[in-house]
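J.: Kindly return the folded structure for what I paste below:
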Amino acid sequence: MNNIVFQSIRAIAVLAIALFAFVSDVFAAPMLTPVTTKYVTENSATIIGHVSNPQKNSTVWFEIYNNNNAPTAVAVQGIWNEGTFEWNLRDLNPGQTYSYRSVAMEGGATAYSPVSSFTTSVPKQTSVTVTYQSNSQVVTLAPKETKAVAPVVAVKKTATTTPVVTEEGFTNRNTAAVIGSGGDIFPNTLIGWVLLIIATLVAVLVGRMIYESTEKRKKPLDKEEEDDEEAEIE
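T.: This next block holds a predicted model:
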């Protein structure tokens, strides 16, 4: 009977010690936060992790997965107590998806963060069509950043001339009046009008003089005719 009690007590003690050791390891294991990503480009990216393990030193690193292959461990380092660690991934493929997680180990305890992923960007393809004569050739530029260049446009300068219009009856840039030939009955210049008026006045004056002269010669004849008529009556 005593042997049975003794063996039972010993078994309970061993089980309690093992359970205590297991609980201690569980609560002493490092704690990791989900890994974040920044600066993702066509061929690089930066991943950032955080570990917390009070008053103990933790060995941390990242595991990178690509196309379901075996993980690649990078950035292995030790962190005391708590801290942030990061790693810059280079020589990645454009448009490729990469999965990753962080790992921390202290003593016999190992902790893993949730698995995350990112996809590298894809370069934009730029096509340029060069046309000359009757042929057309398509040139595809390499996928890289290019600065926009403004097209060069040839500008043909033409001299603008304003026709100089000469006023009728006057010479260009001259104040002297001239007699225009004109195809109408009336003159086209000031001097022409002056000469026309003078000629008209002279014609009127000459006509007037002729008329008065004719009237003077006509009066004696009329008087003689009247005298002849009176003589015939008597």
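
J.: now for the helix or strand hosting residue 104, which elements pack on it?
T.: Per DSSP states H and E, residue 104 falls inside strand 97-106. Where contact means 3 or more C-beta pairs under 8 Å, 6 or more residues apart in numbering; DSSP states H and E, strand 97-106 is packed against strand 31-38, strand 45-65, strand 72-89, strand 109-112, strand 116-119. To be clear about C-beta, it is placed using only N, CA and C from the backbone, and glycine gets the same treatment.

J.: Output the contacting helices and strands for the fourth one.
T.: Using 3+ C-beta pairs under 8 Å, 6+ apart, the elements in contact with strand 109-112 are helix 2-28, strand 31-38, strand 97-106.

J.: residues of the second one that come out buried?
T.: Of the residues in strand 31-38, those scored as buried under the neighbour-count criterion (16 or more other C-beta atoms under 10 Å) are 32, 35, 37.

J.: Looking at those residues, which is nearest residue 223?
T.: Proximity of the buried residues of strand 31-38 to residue 223 was ranked by C-beta to C-beta; the top entry is residue 37 with 142.3 Å.

J.: From residue 220, how far out is the residue lying closest to the closest one once chain neighbours are set aside?
T.: Distances taken as C-beta to C-beta, 6 or more residues apart in numbering put residue 118 closest to residue 37, at 4.6 Å, once the chain neighbours are dropped. The gap separating residue 118 from residue 220 is 140 Å, by C-beta to C-beta, to the nearest Å.

J.: Between the two, which is the more surrounded one?
T.: residue 118 (18 against 9; other C-beta atoms under 10 Å).

J.: Return, as residue ranges, the portions of the protein with sub-threshold pLDDT.
T.: Along the chain, segments meeting pLDDT under 70 span 1-11, 13-28, 67-68, 126-188, 221-222, 224, 234.

J.: Break it into its domains for me.
T.: 2-119, 177-234 (automatic domain parsing).

J.: deepest of these, which one?
T.: Stretch with highest mean neighbour count among the domains of the chain: domain 2-119 (a mean of 14; mean count of other C-beta atoms under 10 Å).

J.: Tell me who's in contact with the closest residue to residue 87 other than its chain neighbours.
T.: Once flanking residues are discounted, residue 87 sits nearest to residue 75: 3.8 Å by C-beta to C-beta, 6+ apart. By C-beta atoms under 8 Å, 6 or more residues apart in numbering, residue 75 lies in contact with 60, 61, 62, 85, 86, 87.
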